[in-house]
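J.: Predicted coordinates and the sequence they were generated for:
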Amino acid sequence: MRAVVTVIGKDMVGILARVSAICAKNQVNVIEVTQSVLQDLFAMIMLVDISKCMIPFSQLSDELTASGKDMNLTIHVMHEDIFNSMHRI
Amino acid sequence: MIDTHDILETIQMIDNENLDVRTITMGISLLDCIDSDIQKACDKIYDKICRYAGNLVKTGEDISKDYGIPIIHKRISVTPISIVAAACQGSDPVRFALTLDRAAKATGVNFVGGYSALVHKGFSPGDYALIQSIPEALSRTEFVCSSVNVGTTKAGINMDAVQKMGHVVLETAEATKDQNCIGPAKLVVFCNAPEDNPFMAGAFHGTGEPDCEINVGVSGPGVVRAALAKAPNCDISQVADIVKKTAFKVTRMGQLVAQEASRRLCVPFGIIDLSLAPTPAVGDSVAHILEEMGLESCGAHGTTAALALLNDAVKKGGVMASSHVGGLSGAFIPVTEDAGMIAAARCGSLSITKLEAMTSVCSVGLDMIVIPGDVPPEIISAIIADEAAIGMVNSKTTAVRLIPAIGKKVGDELNFGGLLGGGPVMEVNRFSPMKFIQRGGRLPAPLQSLKN
């Protein structure tokens, strides 16, 4: 099962490190990362494998969202299916 | 990798354009709860609802978290109670309403629909007793919704029921006048009521439905408006195309949620209701979509045409995105629940006569309209008759949900708060339809050929 983590907010040092640390801690494998910085707005999208995740998905989502709040970032964790079903026929 | 643009678009829709799944509604048949002893019937109903829907709210919340999609309501619809109550002649049907209310509290849902009667051709004693009890039932319960079907295209309109409902709407407002007249906001009078509608207050679980099923209502007026705002100068064909594409995406999300809810609850999936359901929140308005198309204010000439386009395009886009479509499917125009409609009513651009014209092309009917508290019951009945006639002749669902604001007059405001919103008291035509309404009888079903 794969999920998409999106991080949007003001660019700063350590965003990628912090998000991937939470992933690593919970055995969530990062498959792909794209990121762009537009002026000083940071947008990162990670595709992660959550099939070996040690905690329930909702807990992971809460943890990432909370850590985003600490850094003034908006973090969404959403199941991959939502994008596939909305944007593909 | 999934397209970055698609991901950001979805997040934008959810964060800034109020995209959500409006409701997961579990339809539960109560036919096996019928018992001539009302206490036993109520016990069976309570047990069955709690057994089937015990996990509904939790499952809805889990899906919402897993997929990152807001799911606003978790609700229950049941077999029209008049059918269950028919076996308990002489008993007070309000006891069923109290049971449903108790079951709603126990399961944590925010509405149970189905305190209903289908009387399009005539009343059985059970139907009549239930209709008679609606004012008391709605004033003594918090989560129960009621509906009465007074007409169909095949049966015509039961004018005795229309006459009766004028009184019932007014009495329900009287009975809840110390709670902002909230009673009639939970009461819908239908023509051609669908059996699988997931939206309140008109939801009930028809007798042709399975024992239990999951119906899902999607929403997203803000998403459609935002999509149109990105193409300010395109022609009407392109406007229709944009609405279709957006409705497709919104409905696919609903389909995913419905399938997942069905799987997790081990209950068959029924239908997706392809509706644009507004809320009073800024940016979640159907009226604003019409204004985005180029009307200065909702209610201006051109509104009916714009709404016809919107309603049709939503269905066309949604139908392809879902395996089964049903319910009310289309654009809702509830005045108090739509920021744009409220503003249009306040500034005088939107009148009840224009709303009536709009209902001939929208998904439902005259919805959440606040009228003065001194409007006599025969005028309410006549509004119901007009609306039912539009539905009957055009083979579509129409409904009336009027709120007589007791003690208030035109220009005053009535506020419910929350999703029911609030709005100005709107004037009705005061010339008397008394004689017409008092005649009673049945308005014959229309011819289905010679269409013009």
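T.: Yep, that arrived.

J.: mind checking how far B:Ala85 is from chain A?
T.: 41 Å (C-beta to the nearest C-beta, to the nearest Å). In this view, the C-beta of every residue, glycine as well, is placed from N, C-alpha and C.

J.: Could I get the contacting residues of that residue?
T.: B:Ser91, B:Pro93, B:Phe96, B:Gly126, B:Ala129, B:Leu130 (C-beta atoms under 8 Å, 6 or more residues apart in numbering or on different chains).

J.: same thing but at 10 Å, please
T.: By C-beta atoms under 10 Å, 6 or more residues apart in numbering or on different chains, the contact list for B:Ala85 reads B:34, B:38, B:41, B:91-96, B:115, B:117, B:124-127, B:129-130, B:133.

J.: Can you tell me the closest non-neighbouring residue to it?
T.: Nearest residue to B:Ala85 in three dimensions, chain neighbours excluded: B:Pro93, at 4.5 Å (C-beta to C-beta, 6 or more residues apart in numbering or on different chains).

J.: correct me, but the one you found touches B:Ser116?
T.: No: the criterion here is C-beta atoms under 10 Å, and B:Pro93 misses it with B:Ser116 at 11.2 Å.

J.: Compare these two and say which is more crowded by neighbours.
T.: Using other C-beta atoms under 10 Å in any protein chain shown, the more surrounded residue of B:Pro93 and B:Ser116 is B:Ser116, with 32 against 25.

J.: wait, doesn't that one sit right on B:Phe204?
T.: Yes: here B:Ser116 reaches B:Phe204: they are 4.5 Å apart, a contact under C-beta under 10 Å.

J.: Find the residues that touch each one of those two.
T.: Common neighbours of B:Ser116 and B:Phe204 (C-beta under 10 Å, 6+ apart) are B:77-83, B:145-147, B:149, B:188, B:190, B:193.

J.: so which strand or helix has B:Ile379?
T.: helix B:377-393 (DSSP states H and E).

J.: So which bits of that helix are buried?
T.: B:377-393 (16 or more other C-beta atoms under 10 Å in any protein chain shown).

J.: Now that we're looking at the nearest residue to B:Lys244 once chain neighbours are set aside, what pLDDT does it have?
T.: Counting by C-beta to C-beta, 6+ apart, the nearest residue to B:Lys244 once its immediate chain neighbours are dropped is B:Gly317, at 3.6 Å. pLDDT recorded at B:Gly317 is 92.

J.: Phi first, then psi, for the residue nearest to B:Ala85.
T.: phi -60, psi -20 (degrees, to the nearest 10).

J.: ok, it to chain A distance?
T.: Counting by C-beta to the nearest C-beta - B:Pro93 and chain A are separated by 41 Å.

J.: ok so, going back, in strands only, show me the contacts of B:Ala85.
T.: B:Tyr115, B:Ala117 (DSSP state E).

J.: Of the contacts of B:Ala85, keep whichever come out buried.
T.: B:34, B:38, B:41, B:91, B:93-96, B:115, B:117, B:124, B:126-127, B:129-130, B:133.

J.: angle of the helix or strand just after the helix holding B:Ile379 against helix B:377-393?
T.: Per DSSP H and E, the first helix or strand lying C-terminal to helix B:377-393 is strand B:398-405. Orientation of strand B:398-405 against helix B:377-393 (axes from the mean of the first three to the mean of the last three C-alpha atoms, to 10 degrees) gives an angle of 160 degrees.
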